[in-house]
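Undergrad: Sequence and predicted model, in that order:
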Amino acid sequence: MPPTQLTRQVAARIVDYIRSEQVSVGTRLAERTLAEHLRVSRSPVRNALRLLADSGAVAEAERGGYTVVDTDPDLVTETEEGVDETVYLAIAGDRLDGDLPDRITESALARRYSLTPAQLNRVLRRASSEGWIERLPGYGWEFRPTLTSPQSYADSYRFRLTIEPAAILEPTFVLDRAAVEHVREQQQRLADGAIHELDNVALFNINHVFHETITECSRNEFFIEALRRVDHLRRLVEYRRSLPRSSGVVRCREHVEIADLLLADRRAEAAERMREHLGTVTAEKTDT
């Protein structure tokens, strides 16, 4: 699904910042610093950086954040994004179906999906940034492991059921109020009906940002990285599998409740509500 207007606006402001401040190639862009400079929460900055990564303007840094790749970038058009999204999902689907080998060349992908070099570059950058394909040293690309069996998918939810409530109770937990208010607002919009307008990709992206935003407040890098890793692994499966939208509305309301408890500084209750929420979703999505 194309980026929201807010994401586009923040991305454009980041581009203006890169140009006006004459930020050099290789400079690291930190979410927190950009959020403070632009006076927005970290969530829209995170989404904007992902959009810029898809366009090739920035790239994910090894130790988190992003680095500048192009100091005078142009954002792709909505038409280009629509084509990219279609191809992206086709590659993801073919990979899940076992129709693509573990290793593949760019020329093979370009031929199979009738892609221009620019289109191929954008799609590979996105898949790479989302963690399910990586460039091989020298030549070609390799698909990284994803969750494909029902058991591994169920295990991922059991793991989340363990770490996410624990992250809320960490002694280092510091609420990022602006970020939590932002994701709460997103969830409220979904619960109010917007969920019926979104496809599985867009819904997954909004929901995983909600959970990652809360876990990031723990300030525990092991919890944070573990959840990101699990989200990368389950991403392709979630693109195909989601709850009925009627059930999704209920889960979004539960997200709002969790956010409200955190904003009211009722962490113990929020952790328990998170545990109940994930337990229900685990049962619904894995038929256990």
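TA: Arrived safely.
Undergrad: where do the helices sit along the stretch 1-150 of the chain?
TA: Using DSSP state H, counting those that start in this stretch, the helices of the stretch 1-150 of the chain run over residues 5-20, 31-38, 42-55, 78-96, 106-113, 117-129, 150-168.
Undergrad: can you put those in CSV and add mean neighbour count, distance to Y139 and mean pLDDT?
TA: Glycine gets a C-beta too; all of them are placed from N, C-alpha and C. Shown next, in CSV, are those (neighbours: other CB atoms under 10 Å; distance: least, CB to CB, whole Å; pLDDT from 0 to 100):
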stretch, mean neighbour count, distance to Y139, mean pLDDT
helix 5-20, 17, 31, 79
helix 31-38, 16, 33, 85
helix 42-55, 23, 23, 84
helix 78-96, 17, 19, 77
helix 106-113, 14, 9, 94
helix 117-129, 18, 13, 82
helix 150-168, 18, 30, 91
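Undergrad: quick one: which of these is nearest R189?
TA: Counting by CB to CB, R189 lies closest to helix 5-20 out of the helices of the stretch 1-150 of the chain; the figure is 11.7 Å.
Undergrad: For that closest one, output the C-alpha coordinates as PDB.
TA: What follows is helix 5-20, C-alpha atoms only, in PDB (Å, rounded to 0.1, in the frame of the first residue of the first chain):
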ATOM      1  CA  GLN A   5       0.500  11.600   3.400                       C
ATOM      2  CA  LEU A   6       2.200  12.100   6.700                       C
ATOM      3  CA  THR A   7       5.000   9.700   5.800                       C
ATOM      4  CA  ARG A   8       5.500  11.500   2.500                       C
ATOM      5  CA  GLN A   9       5.600  14.900   4.200                       C
ATOM      6  CA  VAL A  10       8.100  13.700   6.800                       C
ATOM      7  CA  ALA A  11      10.200  12.100   4.100                       C
ATOM      8  CA  ALA A  12      10.300  15.300   2.100                       C
ATOM      9  CA  ARG A  13      11.300  17.200   5.200                       C
ATOM     10  CA  ILE A  14      14.200  14.800   5.900                       C
ATOM     11  CA  VAL A  15      15.300  15.300   2.300                       C
ATOM     12  CA  ASP A  16      15.200  19.100   2.800                       C
ATOM     13  CA  TYR A  17      17.200  18.600   6.000                       C
ATOM     14  CA  ILE A  18      19.900  16.500   4.100                       C
ATOM     15  CA  ARG A  19      20.100  19.200   1.500                       C
ATOM     16  CA  SER A  20      20.000  22.300   3.700                       C
END
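Undergrad: who touches it?
TA: 3, 23, 29, 34, 37-38, 40, 44-45, 47-49, 51-52, 57, 68, 71-73, 75 (CB atoms under 8 Å, 6 or more residues apart in numbering).
Undergrad: go on, stretch 279-288?
TA: By CB under 8 Å, 6+ apart, stretch 279-288 touches P150, Y153, A154, Y157, R158, R160, L161, R241, L243, S247, R251, E254.
Undergrad: In which helix or strand does the residue nearest to the fifth one when sequence neighbours are not counted reside?
TA: This means R158. Nearest residue to R158 in three dimensions, chain neighbours excluded: T282, at 6.7 Å (CB to CB, 6 or more residues apart in numbering). Element membership for T282, per DSSP states H and E: helix 267-286.
Undergrad: what's around T146, how many residues?
TA: Look at T146: counted by other CB atoms under 10 Å, it has 19 neighbours.
Undergrad: Show the contacting residues for the residue lying closest to it once chain neighbours are set aside.
TA: Nearest-residue entry for T146: L236, 5.0 Å, with adjacent residues in sequence omitted and distances by CB to CB, 6+ apart. L236 makes contact with A92, R95, L96, W132, T146, L147 under the criterion CB under 8 Å, 6+ apart.
Undergrad: got the angle between whichever strand or helix holds L236 and helix 150-168?
TA: Assigned by DSSP H and E, L236 falls within helix 221-240. Orientation check (axes from the mean of the first three to the mean of the last three CA atoms, to 10 degrees): helix 221-240 against helix 150-168 gives 140 degrees.
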